[in-house]
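*Asks:* coords please:
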Amino acid sequence: MIVQNWWFTTLLERQYQVCPPLQEHIKCDVLVIGGGMSGVSAAAEFLEKGLKVVLLERNILAGSSSGRSAGFLTPDSELELSQLVRRFGIEGANKIWEIPVKGIRGIKENVEKYNIACDFRTQDSLFLGIGKSGWKDVNDEMECRESVGFGNQTLYNKTELDKVLCSDGFTGAVRYGDTYGIDALQYLQGMKSVLLAGGIKIYESTQVLKIEDKTAITHAGKVSADQMVIAIDKMKHGFNKVADEVFHAQTFLSVSEPLSDREVQQLFPGGQDFQMWDSTVVYSYWRLIEGNRILLGGGSALTTFLPKAWYHENVITGVHKRFKKHFPFLTDLEFIQYWPGLIDTTRDLLPTIVRDEDNPNIHFILGVVGLPWASFCGQFVAKNILRTATEEDDKYYKYLSDRRYFALPAGLYRLIGKPLLFALNNGWAKYYQKDQQHRLRKKIGEF
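*Replies:* This next block holds a predicted model:
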């Protein structure tokens with residue numbers, strides 16, 4: 001295997017405009033810093049609004065976490081619905097679930113409206129249980145989906161599962177639809193063309209070093225703006241203290257050589273492919289992508305919360321071995337590339353949106369796990385800047401505010417370190433937090 005991101009390979013299929021770095025001092029109405037899913041989704045909301053908009057990206061557009069993601073467009077992102085019900089009750093879980101659903105809808109609409117070629121494919125989600133505890137997990141998920149009023153799910157026992165997925169070792173699964181797969185790098189590069197055509201100025205290879213008042217300063221230029229949206233990952237405390245609210249979790253992604261048509265038919269005897277993940281704590285996830293390749297991701301308990309990236313292939317090799325135990329007819333399948341990914345996350349796995357205390361024209365989008373959530377958050381912030389947010393949007397504030405309830409305070413990292421603090425908070429949120437009806441009073445102008 002070689003350490004390389006497969007999505008970057010797919011860019012060779014098409015020509016995209018390269019945007020030169022900023023080398024002057026310019027002014028605009030809105031500055032978006034960060035060209036991932038959140039930043040691009042925010043910028044797209046400003047199209048045809050009569051505003052001068054600038055977007056800065058330190059890499060190529062989508063060159064960081066968004067463009068390296070697995071491309072799962074599903075509301076499940078670290079948190080199953082059953083976990084949300086336990087944490088927030090049925091009503092709260094339903095509201096939170098709407099956030100990524102709306103994010104998916106926005107991506108899908110853009111793909112269709114602008115005819116973006118990005119391997120966008122319908123892929124029902126399949127949550128697979130392993131062992132007795134896994135069978136309980138998928139049953140819990142099924143019951144929770146029914147309790148909140150969803151009607152597009154199906155529960156499979158082992159015998160029923162064999163009809164749609166040829167596998168060993170899974171005790172059952174819950175399936176639901178309205179989910180998709182995407183090459184996010186191709187999508188966001190496609191959206192770059194849309195933004196440029198709409199008059200938005202984009203500067204790539206342009207890192208913002210600091211912000212002074214209403215001006216973002218880069219190595220060779222400056223941008224002054226009335227409003228700023230900052231949607232960057234791996235933020236440092238020196239850039240802004242809100243970085244203390246975010247840590248990262250590490251996962252590994254890999255891509256296989258092409259499967260033969262016969263192997264694809266054997267893998268999916270029902271004739272429909274899925275995006276899938278299992279019920280283990282550090283879960284593996286996989287789906288079929290363009291060219292009949294398997295995209296497979298996962299990690300290990302030891303490397304997930306390390307403070308620095310772990311690059312050795314021993315982790316992804318373990319993921320491959322576990323995968324092939326479930327699909328023994330793919331034992332000889334080679335995975336040709338792998339790459340480590342550091343994903344920003346918050347203490348409770350939900351994204352955070354916050355305005356800077358000293359400079360309220362600056363809006364931060366922090367710790368977003370999952371493309372659908374990022375899509376929504378970008379739109380949400382832009383609507384608040386445009387003042388087009390409605391009462392319908394107000395119901396989400398208490399789940400996105402940095403004032404929401406956490407088990408352990410952010411400042412505790414000074415005593416126990418960030419990795420341990422975030423691991424403890426994440427574990428509590430995912431497996432132990434229960435609905436305590438914590439009430440959060442909305443602050444005027446918070447978003």
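*Asks:* Least confident secondary structure element in the chain?
*Replies:* helix 391-394 (a mean of 78; mean pLDDT, DSSP states H and E).
*Asks:* residues of that helix that come out buried?
*Replies:* Neighbour counts over helix 391-394 (16 or more other CB atoms under 10 Å) mark no residue as buried. Using the backbone N, CA and C atoms, a C-beta is placed for each residue, glycine as well.
*Asks:* For the stretch 251-400 of the chain, which segments are assigned as strands?
*Replies:* 274-278, 285-289, 293-298, 335-345, 352-355, 362-366 (DSSP state E, counting those that start in this stretch).
*Asks:* And the second one, what's buried?
*Replies:* Residues of strand 285-289 classed as buried: 285-289 (neighbour count, 16+ other CB under 10 Å).
*Asks:* Isn't Q153 up against R175?
*Replies:* Yes - with contact defined as CB atoms under 8 Å, Q153 counts as touching R175 (6.6 Å).
*Asks:* between those two, who's got more neighbours?
*Replies:* R175 (24 against 18; other CB atoms under 10 Å).
*Asks:* The more buried one: which element?
*Replies:* Using DSSP states H and E, R175 sits in strand 170-176.
*Asks:* who does the top helix by length along the chain touch, helix- and strand-wise?
*Replies:* If each helix of the chain is counted by residues according to DSSP state H, the longest one is helix 81-114. Helices and strands touching helix 81-114, by 3 or more CB pairs under 8 Å, 6 or more residues apart in numbering; DSSP states H and E, are helix 37-45, strand 72-73, helix 131-147, strand 180-181, helix 184-197, helix 371-386, helix 397-400, helix 418-431.
*Asks:* I'd like these written out as a markdown table, with distance to D278, mean neighbour count and mean pLDDT added.
*Replies:* Below are the helices and strands packed on helix 81-114 laid out as a markdown table (distance: least, CB to CB, whole Å; neighbours: other CB atoms under 10 Å; pLDDT from 0 to 100):
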| stretch | distance to D278 | mean neighbour count | mean pLDDT |
| --- | --- | --- | --- |
| helix 37-45 | 25 | 28 | 97 |
| strand 72-73 | 14 | 26 | 96 |
| helix 131-147 | 7 | 18 | 93 |
| strand 180-181 | 17 | 23 | 97 |
| helix 184-197 | 22 | 22 | 96 |
| helix 371-386 | 20 | 25 | 95 |
| helix 397-400 | 27 | 20 | 88 |
| helix 418-431 | 15 | 18 | 84 |
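*Asks:* Before we move on, what's the pLDDT of L440?
*Replies:* Turning to L440, the model gives it a pLDDT of 69.
*Asks:* right, I mislabeled it, should have said L79
*Replies:* On the pLDDT scale, L79 gets 76.
*Asks:* That one and I294, how far apart?
*Replies:* According to CB to CB, to the nearest Å, L79 and I294 sit 25 Å apart.
*Asks:* same thing with V281?
*Replies:* Taking CB to CB, one finds V281 at 22 Å from I294.
*Asks:* Looking at those two, which is more packed in?
*Replies:* A direct count of neighbours by other CB under 10 Å for V281 and I294 places I294 higher, at 23 against 9.
*Asks:* In contact with the residue nearest the centre of the chain, which residues?
*Replies:* With distances taken as CA atoms, centre = their mean, the chain has G370 as the residue nearest its mean C-alpha position (1.5 Å). G370 is in contact with 72, 74, 77-78, 100, counting by CB atoms under 8 Å, 6 or more residues apart in numbering.
*Asks:* how about 6 Å then?
*Replies:* S77 (CB atoms under 6 Å, 6 or more residues apart in numbering).
*Asks:* Next, it: phi, psi?
*Replies:* phi 110, psi 130 (degrees, to the nearest 10).
*Asks:* follow-up on the earlier one: tell me the helices and strands packed up against the strand holding R175.
*Replies:* strand 124-130, helix 131-147, strand 153-157, helix 158-161 (3 or more CB pairs under 6 Å, 6 or more residues apart in numbering; DSSP states H and E).
*Asks:* contacting residues around the longest one?
*Replies:* With contacts defined as CB under 6 Å, 6+ apart, helix 131-147 is touched by 80-82, 85, 90, 127, 129, 153, 155, 171-174, 279.
*Asks:* Throw together a PyMOL command that grabs the buried residues out of those.
*Replies:* Only the buried members of the contacts of helix 131-147 enter the following PyMOL selection, criterion being 16+ other CB under 10 Å:
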select buried, resi 80+81+82+85+127+129+153+155+171+172+173+174+279
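*Asks:* Of the contacts of helix 131-147, which pair is most distant in space?
*Replies:* Spatially, the most separated pair among the contacts of helix 131-147 is I90 and T171, at 26.3 Å (CB to CB).
*Asks:* Tell me how many other residues surround the closest residue to D124 other than its chain neighbours.
*Replies:* Spatial nearest neighbour of D124, chain neighbours left out: G177 (4.8 Å); criterion: CB to CB, 6 or more residues apart in numbering. A count of neighbours around G177, defined by other CB under 10 Å, yields 12.
*Asks:* what domains does the record give for the protein?
*Replies:* 2-68+184-241+348-431, 124-178+248-345 (automatic domain parsing).
*Asks:* Compare these and give me the one nearest V111.
*Replies:* Judging the domains of the chain by CB to CB, what sits closest to V111 is domain 2-68+184-241+348-431, at 6.8 Å.
*Asks:* now the closest one: how far from the chain's centre is it?
*Replies:* Distance of domain 2-68+184-241+348-431 from its chain centroid, counting by CA atoms, centre = their mean, to the nearest Å, is 12 Å.
*Asks:* State the distance spanning the first to the last residue of that domain.
*Replies:* 36 Å (CA to CA, to the nearest Å).
*Asks:* Same check on stretch 387-398?
*Replies:* End-to-end distance (CA to CA), stretch 387-398: 19 Å.
*Asks:* Output the below-cut-off pLDDT ranges for the stretch 251-400 of the chain.
*Replies:* Applying pLDDT under 70 to the stretch 251-400 of the chain flags no residue at all.
*Asks:* Tell me how far D226 lies from E48.
*Replies:* When D226 is compared with E48 (using CB to CB), they lie 18 Å apart.
*Asks:* Compare the two and say which is more crowded by neighbours.
*Replies:* Per other CB under 10 Å, whichever of D226 and E48 has more neighbours is D226, with 14 against 8.
*Asks:* pLDDT score assigned to the more buried one?
*Replies:* At D226, pLDDT is 96.
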